[in-house]
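>>> for reference, the sequence and a predicted model appear below.
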Amino acid sequence: MPNNDQITKEDALFYLDMINSKYGPTYKPKRGQSKGYYPLLKEKDSKEYNRFIRVYVYFKHNLKEREQTILNLQYGINSNVLSLGEIGESIGVTSSRVSQLRNRAERRLASIIRDYVNGVK
C-alpha cells in the first residue's frame, strides 16, 4: 500500500486525468465511456496504479465515509476491485446509484486537488 508522503503536482494531475476530471490537463468530454483508471485496476503492482492510489489516499480524508467506502472498493484498496453491482450489493443500493455516488466523490476530490495544484490552501 502506498504511503502518505507528499505528492507532486504531476501526481495530482495524473489522478485528475485518470478520473477524467475537467481540471485534468488532457480533459476531453467523454460521456458513457469507461474511466481512464480501469486498466490500472487490473495491474495493482504497476507504478501507475500505485501513483494513482497514493494521490487518492493523500486526499481521501476530504470525503464522507460512504464516499470513501465506495472508492476504496472501486479502486481495490485493501480488497479486490469490485464492480459497481458488487459495491451496490454490499451497501444496499443499485449499481446506478453507486455510479452516481462514485462520480460525485471523484468530482469532490477533483475540486480539492485542483486547489492543491493551484496552491490554494
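That came through, no problem.
>>> now do the buried residues in the lowest-mean-pLDDT helix or strand in the chain.
The helix or strand of the chain with the poorest confidence is helix 38-41; it has a mean of 94 (mean pLDDT, DSSP states H and E). For helix 38-41, a neighbour-count test (16 or more other C-beta atoms under 10 Å) marks 40-41 as buried. From N, CA and C alone the C-beta is placed, and that goes for glycine too.
>>> which stretches of the protein have low pLDDT?
When residues are selected by pLDDT under 70, those of the chain lie in 1-5, 121.
>>> one more time with 80, if that's ok
Applying pLDDT under 80 to the chain flags residues 1-5, 30-34, 121.
>>> scan it for its longest helix.
Longest helix in the chain by number of residues, with DSSP state H as the criterion: helix 95-117.
>>> what distance separates the least confident helix or strand of the chain from the middle of the whole chain?
11 Å (C-alpha atoms, centre = their mean, to the nearest Å).
>>> and that helix, what does it pack onto?
helix 47-59 (3 or more C-beta pairs under 8 Å, 6 or more residues apart in numbering; DSSP states H and E).
>>> convert the C-alpha atoms of the longest helix of the chain to CSV, please.
The C-alpha trace of helix 95-117 is given here as CSV (Å, rounded to 0.1, in the frame of the first residue of the first chain):
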residue,chain,number,x,y,z
SER,A,95,-25.2,-0.1,-9.3
SER,A,96,-26.6,3.1,-11.0
ARG,A,97,-26.6,4.8,-7.6
VAL,A,98,-23.1,3.6,-6.8
SER,A,99,-22.0,5.2,-10.1
GLN,A,100,-23.6,8.5,-9.1
LEU,A,101,-22.0,8.4,-5.7
ARG,A,102,-18.6,7.5,-7.1
ASN,A,103,-18.8,10.3,-9.7
ARG,A,104,-19.8,12.8,-7.0
ALA,A,105,-16.9,11.7,-4.8
GLU,A,106,-14.4,12.0,-7.7
ARG,A,107,-15.7,15.4,-8.5
ARG,A,108,-15.3,16.5,-4.9
LEU,A,109,-11.7,15.2,-4.9
ALA,A,110,-11.0,16.8,-8.3
SER,A,111,-12.0,20.2,-6.9
ILE,A,112,-9.8,19.8,-3.8
ILE,A,113,-6.9,18.5,-6.0
ARG,A,114,-7.3,21.5,-8.3
ASP,A,115,-6.9,23.8,-5.4
TYR,A,116,-3.8,21.9,-4.2
VAL,A,117,-2.3,22.1,-7.7
